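Q: Kindly generate the corresponding structure for this input.
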Amino acid sequence: MQGKFYTAPLPPQLSDSNRRIIETNTPTTRAYQIWKGSNRFFFGGRFIFGPDARSLLLTVSMIVIPEILFCAFVSQRLIDEFSHHFGNLIVGLSVALTVYIMLLLFLTSARDPGIIPRNPHPPEPEEDTGSCISTDWAGNQNGAPNIPPTKDVTVNGMVVKVKYCQTCMLYRPPRCSHCSICNNCVDRFDHHCPWVGQCIGKRNYRFFFMFVSSTTMLCLYVFAFCWVNIEKTMEAHHFSLGKAFLKSPVSGILILYTFIAAWFVGGLTAFHFYLVFTNQTTYENFRYRYDGKMNPYNLGCWRNIRETFFSKIPSSKNNFRALVRGDSSSVYNPSISMGHAMSPDMPKRSFDIEMGKRQAVAAEDFEDIHSQIDSIGRSERCGTQPRHANWDHKGNWEITPDIHMLAAEFGMQHGSTVREKIHGVR
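A: This is a model prediction of the structure:
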């Protein structure tokens, strides 16, 4: 008789009615609102920046303020000294180049650099893999101890090792790396640039290179015409060089500033020219990956240039504005589906979904709980189990976690009813 009424505990699954409540009442959000990376989004997820996007204010000011000084204090003398149209052309070109640089800066910092979407769970281990797994790897994978840390892939006839990313739970594509600042895996990761507040990757490297090289041109342009202004001042007033600088101090300040800046951005431009010609990334070059061995991505100088500047930019693999509706699996920690305990740090959005589910429970669902308690009570009265039986014992019956959760929620509103039911059972 006891074997008939006391069975093994049921698995922690939601009932159909509760699952329906979650699916119909969970608030709909955009993908960028629950993004796990450290990025910052603006205008409803249309623009994506890095976590250090505030550095853009410094970068913009370092470009725009010298240009304003040039136009306000230096250009007027150039317009007077040269023919009217040529003087206006000098000023107009500097303004146009500055606007162009601002556009390139925006295209570099406000777009997806090539983020690889995360996997919701680790990939299935391959049966034919022969990779060795370290003990550290096996102990830190939370349910995926059979996933090797590296895997061999073939690129242009050469074998390249790709690493498994524990954060994104995927094997990184070749040349992909995980940015610790943005907390994303970025395709063809070059580096994270604090001046633009964004990772530099496959989808924005072209704009970054054009931004750096164009800034170098602007520095040299302002530097040259500030010297022209000093020379015209010396000729017009028969001044020495020192007196000419005193007559036009802004020109002297801009000469010094653009000279220092040109060394910085000019050197960076030359370095990236070398990287483009050899088809390397900054990350690869700093790690000396190709010293003493052939670069599998080097296609020759002209083909490398064509690949960098004239190939089609791939579309983003992420739709940050996509509507995302939470389901029942989002209520629990994903490790539960792999047979492991729930993490004590439940994400806030999962808690919000859970609260929304609780508030959406209707009266008839609560009556279902009462009926389940009644049926269990009748079963116990028909059996031989004593009243003080341990409900948590594996050999006895259990109430599923969703029933506990709903009963606890409605205990305040229906306290007397629940107590009567429970006392009736006992």
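
Q: Can you report how many residues lie near the nearest residue to Val95 once chain neighbours are set aside?
A: Nearest non-adjacent residue to Val95, counting by CB to CB, 6 or more residues apart in numbering: Cys71, 6.7 Å away. (Glycine included, C-beta is placed from N, CA and C.) For Cys71, the tally of surrounding residues (other CB atoms under 10 Å) stands at 15.

Q: do the same with Leu268
A: Neighbour count for Leu268, taken as other CB under 10 Å: 19.

Q: could you give me the average pLDDT of the host helix or strand of it?
A: Taking DSSP states H and E as the criterion, the element that holds Leu268 is helix 249-278. pLDDT averaged over helix 249-278 equals 97, rounded to a whole number.

Q: elements contacting it?
A: Here helix 249-278 is seen to pack against helix 55-69, helix 205-237, helix 282-286, helix 301-309 when contacts are counted using 3 or more CB pairs under 8 Å, 6 or more residues apart in numbering; DSSP states H and E.

Q: right, so those: which one is the most enclosed?
A: Across the helices and strands packed on helix 249-278, averaging neighbours per residue (mean count of other CB atoms under 10 Å) puts helix 205-237 on top, at a mean of 19.

Q: and whatever helix or strand comes next after that helix, what other elements does it pack with?
A: Moving toward the C-terminus from helix 205-237, the first helix or strand encountered (DSSP H and E) is helix 241-247. With contacts defined as 3+ CB pairs under 8 Å, 6+ apart, helix 241-247 has these neighbours: helix 205-237.

Q: Which strands and helices lie in contact with the helix it packs on?
A: Secondary-structure packing of helix 205-237 (3+ CB pairs under 8 Å, 6+ apart): helix 55-69, helix 75-81, helix 84-109, helix 241-247, helix 249-278, helix 301-309.

Q: Any buried residues in the longest one, and which?
A: Translated: helix 249-278. Buried residues in helix 249-278, counted by 16 or more other CB atoms under 10 Å: 250-252, 254-255, 257-258, 261-262, 265-266, 268-269, 272, 275-276, 278.

Q: quick revisit: okay, the angle between the helix holding Leu268 and helix 301-309?
A: Direction vectors for helix 249-278 and helix 301-309, defined by axes from the mean of the first three to the mean of the last three CA atoms, to 10 degrees, enclose an angle of 120 degrees.

Q: re the thing from before, could I get the helices and strands packed on helix 249-278 as TSV with distance to Leu104 and mean pLDDT?
A: Compiled in TSV, the helices and strands packed on helix 249-278 are given as follows (distance: least, CB to CB, whole Å; pLDDT from 0 to 100):
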stretch	distance to Leu104	mean pLDDT
helix 55-69	11	96
helix 205-237	4	95
helix 282-286	18	94
helix 301-309	13	95
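
Q: In a markdown table: those, plus distance to Ala322.
A: Output for those, formatted as a markdown table (distance: least, CB to CB, whole Å):
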| stretch | distance to Ala322 |
| --- | --- |
| helix 55-69 | 26 |
| helix 205-237 | 25 |
| helix 282-286 | 30 |
| helix 301-309 | 30 |
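
Q: Just give the closest residue to Phe223, not the sequence neighbours.
A: Using CB to CB, 6+ apart, the closest residue to Phe223 is Thr258 (4.0 Å).

Q: got the contact list for Ile255?
A: Going by CB atoms under 8 Å, 6 or more residues apart in numbering, Ile255 touches Phe223, Cys226, Trp227, Ile230.

Q: er, Thr281 I mean
A: Thr281 makes contacts with Arg175, Arg188, Phe189, Asp190, His191, Leu275, as judged by CB under 8 Å, 6+ apart.

Q: and of those residues, the nearest to Leu104?
A: Nearest to Leu104 among those, counting by CB to CB, is Asp190 at 15.6 Å.

Q: Just the pLDDT at the closest one, thanks.
A: Confidence per residue is given as pLDDT, and for Asp190 that number is 97.

Q: if we can go back for a sec, can you tell which of the helices and strands packed on helix 249-278 is closest to Thr98?
A: Of all the helices and strands packed on helix 249-278, helix 55-69 comes closest under CB to CB, at 4.6 Å.
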